[in-house]
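Undergrad: Kindly generate the corresponding structure for this input.
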Amino acid sequence: MLTVLVPNFTNWAFDKTETFRAQQLMEAGIVDPVSFRIGRSITIEPRPLPKWLAKFVPERQPDWHCFVLNGDYLNMLEAEVNGWLDPDEVQSTRLDEVIKHICETTPNCVWVFEPGDEPIDLTYADKGAIWIFERIKSAVSRKGALQAFAVLERSRGQDQGSYISDPAGDCAMLRKINEVEMVETDVEKKLLGILKLYSDGSCTSGEVVHAVVLHFGREKEIDFDLWNSLPEWVKQDVINQLTDFNAETEFYLPAHSESLEVVKGNYLALKSWLLMMNIIKT
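TA: Numbering: from 1, shown residues only. Prediction:
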């Protein structure tokens, strides 16, 4: 199931359609519930905000709206990406158009993909419509594990304090940001600094991942508890970047970094540790 949470909803440029159980929705507090239909495979229906998704909504902005994308689009997408259809049988679900339109017209929306009963254990920020669509395609592919995830799409022009990179609030490092006296090592201080810059909107998620790899890759003995305290999206992005990384891999090197050989050494050192800890699977 794909759900989108939006603040201050007004309207979308989709065809309006009948809202099922409209009376029940109004009794649940949804004023004038509106639904949309996109092509033959997607219907966007309003729903009360589920309790397990409330953690993604800023407490100071309670008036959020929840919409579920119903229809046959996931089955169609699954058949397409797994090659179960002949090329002339493939039909566009238009899911990419829907995600793009909502991201562009509704700042600060939250996307939640929950295939089956999978718990949400991966959280990302500021990934963009194309990334979200490709991530859903990857999730329905039978090549990998089925994973639920959430994506927080922030507007750069709006209050960056509405979200932090770990909305569930269970990241020990982020809880320490304003408690500097609890920080014991230079590595912790640097990591907390880059996470604080990210939470303020002053650096990108790619810069966070690069900094994390460099700091851990320099350590002779990596602190597992410190690794474990990182936000889930940081750990997952590091794992994704290092899984296929090797000495021949070409990648963009920020201007302020050390030499390419030194940086690659840091990347390979952290990958070696992640392999040893069975965090990256061979």
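Undergrad: My guess is His215 contacts Glu188. True?
TA: No. Between His215 and Glu188 there is no contact under C-beta atoms under 8 Å: 9.2 Å. Any C-beta I mention is one placed from the backbone N, CA and C, and that applies to glycine too.
Undergrad: more crowded one of those two?
TA: More crowded of His215 and Glu188, by other C-beta atoms under 10 Å: His215, with 21 against 18.
Undergrad: Contacts made by the strand or helix carrying the more buried one with the rest, please.
TA: Applying DSSP states H and E as the criterion places His215 in helix 205-218. If you take C-beta atoms under 8 Å, 6 or more residues apart in numbering as the criterion, helix 205-218 is touched by 124-127, 165, 187, 190-191, 194-195, 198, 222, 227, 230, 233-234, 237-238, 241-242, 254, 257, 263, 265-270, 273.
Undergrad: what about Glu80, how many residues close to it?
TA: 18.
Undergrad: elements contacting the one helix or strand it maps to?
TA: Element membership of Glu80, judged by DSSP H and E, is helix 73-81. Under the contact definition 3 or more C-beta pairs under 8 Å, 6 or more residues apart in numbering; DSSP states H and E, helix 73-81 sits against helix 129-140.
Undergrad: Could you list the buried residues of the helix it packs on?
TA: 129, 132-133, 135-136, 139-140 (16 or more other C-beta atoms under 10 Å).
Undergrad: What is the least confident helix or strand in this protein?
TA: Lowest by mean pLDDT, DSSP states H and E among the helices and strands of the chain is helix 172-175, with a mean of 39.
Undergrad: After that one, heading C-terminal, what element do we hit next?
TA: Once helix 172-175 ends, the next helix or strand along the chain (criterion: DSSP H and E) is helix 186-199.
Undergrad: got the buried residues for that following helix?
TA: Applying 16+ other C-beta under 10 Å to helix 186-199 flags 187-188, 191-192, 194-196, 198-199 as buried.
Undergrad: possible to save those residues as a markdown table with pLDDT and distance to Ser35?
TA: Output for the buried residues of helix 186-199, formatted as a markdown table (pLDDT from 0 to 100; distance: C-beta to C-beta, whole Å):
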| residue | pLDDT | distance to Ser35 |
| --- | --- | --- |
| Val187 | 68 | 50 |
| Glu188 | 72 | 48 |
| Leu191 | 81 | 44 |
| Leu192 | 80 | 44 |
| Ile194 | 81 | 42 |
| Leu195 | 80 | 39 |
| Lys196 | 76 | 41 |
| Tyr198 | 73 | 36 |
| Ser199 | 70 | 35 |
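Undergrad: what angle do the helix holding His215 and helix 186-199 make?
TA: Per axes from the mean of the first three to the mean of the last three C-alpha atoms, to 10 degrees, the angle that helix 205-218 makes with helix 186-199 is 180 degrees.
Undergrad: need the next SSE after helix 205-218, C-terminal direction.
TA: Next along from helix 205-218, by DSSP H and E: helix 224-228.
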